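Student: attaching a predicted model along with its sequence, questions to come.
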Amino acid sequence: MISQKKQSLAIAVMLILLSVGWLWSVNAGYANISYEKILKAVFGNSGEDENLIILMFRLPRMTMAILVGIGFSLSGLILQGLMRNDLADPGLMGINSGAGIVFLIFIVLGEAGKWTSAFVMPFLAFVGAGTAGIIIYILSREGLHGINPMKMILNGVAIQAGINAVMVFAVLKLDESQYEMLTRWQTGSIWRANWQMVWILVPWIVVGYVSIRYHARHMDVLALGEELAIGVGLPIRKVKRRLLIWAIALAAASVSMSGSISFVGLMAPHIAKRLFGVRHHVLIPACSIIGAIIVLIADTVGRTIIMPSELPAGIMVAIIGAPYFLSLLLKRSKIR
């Protein structure tokens, strides 16, 4: 484990990397705008075109990328800790798909796009994701031994596949514009981000982050084993229930605004643990920053690599995340 001084230095370096990524992202795009004009636009002193591009399109999109990166990464960190399984990820466990089926219902009902619907969407996504989580939990129980972590992962993949099949069938009822919106959402695109959506998501991420920080010590104790946790008087069921609710809430809120971006919740906690060890008071902020960097860079690369078209952030993350997941799977197979 690295010293506290080195941990602080590493956190500072990651914040600098996030800042550099932010500067690159705000400048990247089909319209090339100098940093001088970007600075003026931030303070409202630039031209009308620059203000529109920077303030109404790029900044809300970048902010949304950072927020959903934090949400997915913290959700993955909690799930990996609760299940003691490095393969846990909200996207792989069907939680994202559970939230997604609610999004599809909204499209079919013709309600997507209204401000009131955007405000309600995280709550409904939470219901959908929570329902999927409960089903997976029930299917993964193993008598007196509780939950089988690997079985929970496999059940999550199966639930995800089933929900996706239902969504494919329901697509037949969509018109062209609805189909395009659903397709973009399924691939994890942040293209429709605006300031209203950002402010709707902010409370979920902020309150979730504070709540998880409050449980940092509890997560450290749980990582040492349930017997030790019971020995020191930790109310395991109560703590686990709270953490699981926040894991689902963070993933659901993020999914409702950005679509399903898998593998962020898998990679960010892994990278953070390799750099900082297993103490959650450091892991939580580190994991948040790493998740924000991953999604911000993925979205920036996706919208610039084939200009004027773009690739969704979810696809860019999957290009790296899928091989990473397979490598972890192979390592676990060899250990066994």
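Tutor: That came through fine.
Student: for the rest of this, base every contact and every neighbour count on C-alpha atoms.
Tutor: Noted.
Student: in which helix or strand does the residue nearest the centre of the chain reside?
Tutor: Nearest to the mean C-alpha position of the chain, by CA atoms, centre = their mean, lies residue 72 at 1.9 Å. Assigning secondary structure by DSSP states H and E places residue 72 in helix 59-83.
Student: distance from the strand or helix carrying residue 162 to the middle of the chain?
Tutor: In this assignment (DSSP H and E), residue 162 forms part of helix 149-170. Helix 149-170 sits 18 Å away from the centroid of its parent chain (CA atoms, centre = their mean, to the nearest Å).
Student: next: stretch 168-177.
Tutor: How far stretch 168-177 lies from its chain's middle: 26 Å, per CA atoms, centre = their mean.
Student: now do stretch 315-326
Tutor: 14 Å.
Student: can you list contacts of it?
Tutor: The contact list for stretch 315-326 (CA atoms under 8 Å, 6 or more residues apart in numbering) reads 87, 187-188, 261-264, 266-267, 294-295, 298-299, 301-302.
Student: so the following helix or strand past the helix holding residue 162 versus helix 149-170, what angle?
Tutor: Per DSSP H and E, the first helix or strand lying C-terminal to helix 149-170 is helix 176-186. Angle of helix 176-186 versus helix 149-170, following axes from the mean of the first three to the mean of the last three CA atoms, to 10 degrees, is 170 degrees.
Student: shaky segments in the stretch 101-250 of the chain?
Tutor: By pLDDT under 70, the low-scoring segments of the stretch 101-250 of the chain are 107-117, 142-150.
Student: let's see 80
Tutor: 102-118, 137-138, 140-154, 156-157, 160, 164-188, 191-192, 225-233, 237 (pLDDT under 80).
Student: so what's residue 186 up against?
Tutor: 100, 259-260.
Student: out of these, who's nearest residue 36?
Tutor: residue 259 (33.2 Å; CA to CA).
Student: so how far is residue 238 from the closest one?
Tutor: Using CA to CA, to the nearest Å, we find residue 259 at a distance of 30 Å from residue 238.
Student: same thing with residue 180?
Tutor: Here the criterion is CA to CA. By it, residue 180 lies 42 Å from residue 238.
Student: what does residue 206 give?
Tutor: Applying CA to CA to residue 206 and residue 238 gives a distance of 22 Å.
Student: neighbour count winner among those two?
Tutor: residue 206 (15 against 10; other CA atoms under 10 Å).
Student: residue boundaries of the helices in the stretch 101-250 of the chain?
Tutor: Using DSSP state H, counting those that start in this stretch, the helices of the stretch 101-250 of the chain run over 115-139, 149-170, 176-186, 195-214, 216-223, 226-231, 236-258.
Student: what residues of the next helix or strand after the last one count as buried?
Tutor: Meaning helix 236-258. Of the helices and strands lying after helix 236-258 in sequence (DSSP H and E), the nearest is helix 264-276. Buried residues in helix 264-276, counted by 16 or more other CA atoms under 10 Å: 264-273, 275-276.
Student: same thing with stretch 278-288?
Tutor: In stretch 278-288, counting by 16+ other CA under 10 Å, buried: 278-288.
Student: any idea how far residue 245 is from residue 314?
Tutor: Noted for residue 314: a distance of 24 Å to residue 245, by CA to CA.
Student: neighbour count: those two, which is higher?
Tutor: Counted by other CA under 10 Å, residue 314 and residue 245 do not tie: residue 314 has more neighbours, with 27 against 17.
Student: just the pLDDT at that one, thanks.
Tutor: Note on residue 314: pLDDT of 84.
Student: same question, residue 334
Tutor: Reported pLDDT for residue 334: 57.
Student: can you tell me how far the residue lying closest to residue 234 once chain neighbours are set aside is from residue 209?
Tutor: The spatial neighbour of residue 234 that comes closest, neighbours along the chain excluded (CA to CA, 6 or more residues apart in numbering), is residue 218 at 7.5 Å. As judged by CA to CA, residue 218 and residue 209 stand 15 Å apart.
Student: same deal with residue 177?
Tutor: For residue 177, the distance to residue 209 - CA to CA - is 35 Å.
Student: ok, the two, which is more surrounded?
Tutor: Neighbour count, other CA under 10 Å: between residue 177 and residue 209, residue 209 has more, with 20 against 10.
Student: what's near enough to touch the more buried one?
Tutor: Here residue 209 is in contact with residue 74 (CA under 8 Å, 6+ apart).
Student: ok, so what distance separates it from residue 216?
Tutor: 10 Å.
Student: how about residue 313?
Tutor: 30 Å.
Student: do residue 88 as well
Tutor: 19 Å.
Student: which of the two has more neighbours?
Tutor: residue 88 (27 against 18).
Student: nearest residue to that one in space, please, no chain neighbours.
Tutor: residue 80 (5.1 Å).
Student: neighbours of that neighbour, just the number please.
Tutor: Neighbour number of residue 80 under other CA under 10 Å is 22.
Student: list the residues that contact the residue lying closest to residue 258 once chain neighbours are set aside.
Tutor: Counting by CA to CA, 6+ apart, the nearest residue to residue 258 once its immediate chain neighbours are dropped is residue 190, at 5.1 Å. Going by CA under 8 Å, 6+ apart, residue 190 touches 61, 64-65, 257-259, 299, 312-313.
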